[in-house]
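*Asks:* Build me a model:
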Amino acid sequence: MLGRGLRRAAAAAVLLALILWNAWVAHTMVTRLQMSDFRIFYLSARAQLEGRDMYDLPSELQTHAGRTFRLTLVNLNPPHFQLLLLPLALLPAGVALGLWAVASFLCLGGSIYVIARELDLKPSWPTCYRAAIWLLAFAGMGAVLGTAEMSFLLLFPLTLAWAAARQGRWSQAGIYLGFAMSLKLFLLIFIPYFVLRRRLGAAVASCAAAFACFVAGGVIFGTASYWSWLSRLSSVSWAWRSPNASVRGILTRSLSENPHFTPFAVAPELVLSLWLPAVAIIGILTLLAVTFDRTESAVDRAFAILLSAALLISPLGWIYYLWLGLGPIAVLALGWRNGAVVGVARWRQRCLILAVPGLVWPHFGTFVFQPHAWATPLLASAYFWSAAALWCAFVLDGLAVNLRTVRSGGASRQQSEVRVATS
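*Replies:* Numbering: from 1, shown residues only. As a prediction, the model looks like this:
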């Protein structure tokens, strides 16, 4: 009894520590970071209400490690995104942030409900505790709370799309994905997947939904706002930031000078020449993996592979976008827990072990051992290594399951031939 009581006390202490840590991150976002990314959204919406260019935002001085640099506030979201923000822009900034947070966590709760329904999970204290520990310890939670980004708002339509695809309602899945694609262009990776899997209805529905969003934005805000948005997309120069888990992120941090990290080598001309082949290889392997997967878990695996690949391929694959794969990743993880680890699955297991440190690595940990150059491609790029390891694990999982299916099919045919011969 005493041992059980100690375990319960330790479990409660861990949960309380994670809650306090995330509360501190959220408090820092509101106070020291002045509402972080949400402030950019809010200022853009205010500029639109005042008749100014929503993308013409001020710049400000920031200090890091004793060095001062000028940072220009840039909103990379398309104009129709402001339809979500305009009602909030009529309110004081603090109230607007509070409503944004409520809407975000409602979307997170709705997504978890859809996932639990798809998995037919019955809530229990051990299950809820383990889920809470993973969600609160996940580096993406701190990234969302520290930036007030829109990850949870995007998670809901992505989860609905995944659930609809699992149930064979592909056109409906395409509509949900189309709305999300109109906000985040890296989700366009689903279009070739739909085409290669001959889900043409889903591809058409996705394109139509995305096109409708852009048309609505053009009618309401004018086409000039879209040209201004495109010019901001071309001005991105902060791929070096540590929450960027993409291939472009680790290459930019490691090969070019930046305000936060010491480059491993100063060779910015190599970034593009290394990034493009890497993106091509990841894209081709991704499409091959999702196209030829004919197993029962093919939809879950495809969503997980595509979303993790999009994170690696995008120039700005922030770690908080890993939330978008919460549903399919949960399904695969439950299957891995109950499955045998043999053959190719052993390599999948090793990739998962490699992914764990970066998944719980706090943002301040990316600055450890700076200004040592070796720490930049390793510790400062911990999120990249986790995202890459997860992508490899998903691909290897598909290979392991398909090999097992082929072998079991071959064994079944041999048994049938033996029965026919003996009869």
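*Asks:* got the residue ranges for the strands in the chain?
*Replies:* With DSSP state E, the ranges of strands along the chain come out as 59-64, 67-72.
*Asks:* For the last one, what does the pLDDT average out to?
*Replies:* Read it as strand 67-72. Mean pLDDT, taken over the full extent of strand 67-72, equals 61.
*Asks:* next one: the first one
*Replies:* What strand 59-64 shows for mean pLDDT is 60.
*Asks:* And stretch 238-254, by the same measure?
*Replies:* Rounded to a whole number, the mean pLDDT of stretch 238-254 is 95.
*Asks:* Then stretch 262-271?
*Replies:* In this model, stretch 262-271 has a mean pLDDT of 94.
*Asks:* And stretch 221-233, by the same measure?
*Replies:* Per-region confidence: stretch 221-233 scores 91 on mean pLDDT.
*Asks:* what's W385 in contact with, if anything?
*Replies:* With C-beta atoms under 8 Å, 6 or more residues apart in numbering as the criterion, the residues that contact W385 are 354-355, 358, 378. All C-beta atoms are positioned from the backbone trio N, CA, C, and that covers glycine.
*Asks:* where are the low-confidence patches of the stretch 51-200 of the chain?
*Replies:* Along the stretch 51-200 of the chain, the model assigns pLDDT under 70 to residues 60-71.
*Asks:* make it 90
*Replies:* Screening the stretch 51-200 of the chain residue by residue with the criterion pLDDT under 90, one finds the ranges 56-74, 120-128, 130-131.
*Asks:* Could I get the full set of helices for the stretch 151-300 of the chain?
*Replies:* Secondary structure of the stretch 151-300 of the chain (DSSP state H, counting those that start in this stretch): helices at 151-166, 170-183, 190-196, 200-221, 223-233, 247-255, 269-291, 298-313.
*Asks:* so which of the ones you listed gets nearest W336?
*Replies:* Judged by C-beta to C-beta, the one of these that comes nearest to W336 is helix 298-313, at 11.4 Å.
*Asks:* what angle separates that closest one from helix 269-291?
*Replies:* Helix 298-313 and helix 269-291 meet at an angle of 180 degrees, taking axes from the mean of the first three to the mean of the last three C-alpha atoms, to 10 degrees as the criterion.
*Asks:* could you give the mean pLDDT of helix 298-313?
*Replies:* 96.
*Asks:* Now do that helix: distance to the chain's middle.
*Replies:* Here the centre of helix 298-313 is set off from its chain's centre by 10 Å, with C-alpha atoms, centre = their mean, to the nearest Å.
*Asks:* picking up where we left off before, could I get the helices of the stretch 151-300 of the chain as JSON lines with distance to A93 and mean neighbour count?
*Replies:* Putting those into JSON lines (distance: least, C-beta to C-beta, whole Å; neighbours: other C-beta atoms under 10 Å) gives the following:
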{"stretch": "helix 151-166", "distance to A93": "18", "mean neighbour count": "23"}
{"stretch": "helix 170-183", "distance to A93": "22", "mean neighbour count": "23"}
{"stretch": "helix 190-196", "distance to A93": "35", "mean neighbour count": "19"}
{"stretch": "helix 200-221", "distance to A93": "22", "mean neighbour count": "17"}
{"stretch": "helix 223-233", "distance to A93": "22", "mean neighbour count": "14"}
{"stretch": "helix 247-255", "distance to A93": "30", "mean neighbour count": "26"}
{"stretch": "helix 269-291", "distance to A93": "37", "mean neighbour count": "16"}
{"stretch": "helix 298-313", "distance to A93": "30", "mean neighbour count": "25"}
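*Asks:* quick one on the thing from earlier: ok, so of the contacts of W385, who is nearest M141?
*Replies:* G358 (13.8 Å).
*Asks:* dump the residue contacts of the nearest residue to Y55 once chain neighbours are set aside.
*Replies:* Residue nearest to Y55 in three dimensions, not counting chain neighbours: S228, with 4.5 Å by C-beta to C-beta, 6 or more residues apart in numbering. If a contact means C-beta under 8 Å, 6+ apart, then S228 has 53-56 as its contacts.
*Asks:* W391 too?
*Replies:* Here W391 is in contact with 282, 286, 305, 308-309, 311-312 (C-beta under 8 Å, 6+ apart).
*Asks:* Just the closest of those to P87, please.
*Replies:* The closest of these, once distances to P87 are taken by C-beta to C-beta, is L311, at 30.4 Å.
*Asks:* buried stuff in stretch 7-26?
*Replies:* Buried positions in stretch 7-26, judged by neighbour count with 16 or more other C-beta atoms under 10 Å: 18, 21-22, 25-26.
*Asks:* Name the nearest residue to A47, ignoring sequence neighbours.
*Replies:* Across the structure, with C-beta to C-beta, 6+ apart as the measure, the residue nearest A47 apart from its sequence neighbours is M54 (4.8 Å).
*Asks:* P79 is in contact with the one you found, correct?
*Replies:* Yes: between M54 and P79 a contact is recorded at 6.8 Å, counting by C-beta atoms under 8 Å.
*Asks:* what touches both of these two?
*Replies:* 221, 225.
*Asks:* ok so, going back, so what's the residue count around the residue nearest to A47?
*Replies:* The burial metric for M54, expressed as a neighbour count using other C-beta atoms under 10 Å, is 25.
*Asks:* Kindly report the same for A267.
*Replies:* The burial count for A267: 14, using other C-beta under 10 Å.
*Asks:* Skipping adjacent residues, who's closest to it in space?
*Replies:* The spatial neighbour of A267 that comes closest, neighbours along the chain excluded (C-beta to C-beta, 6+ apart), is L255 at 4.9 Å.
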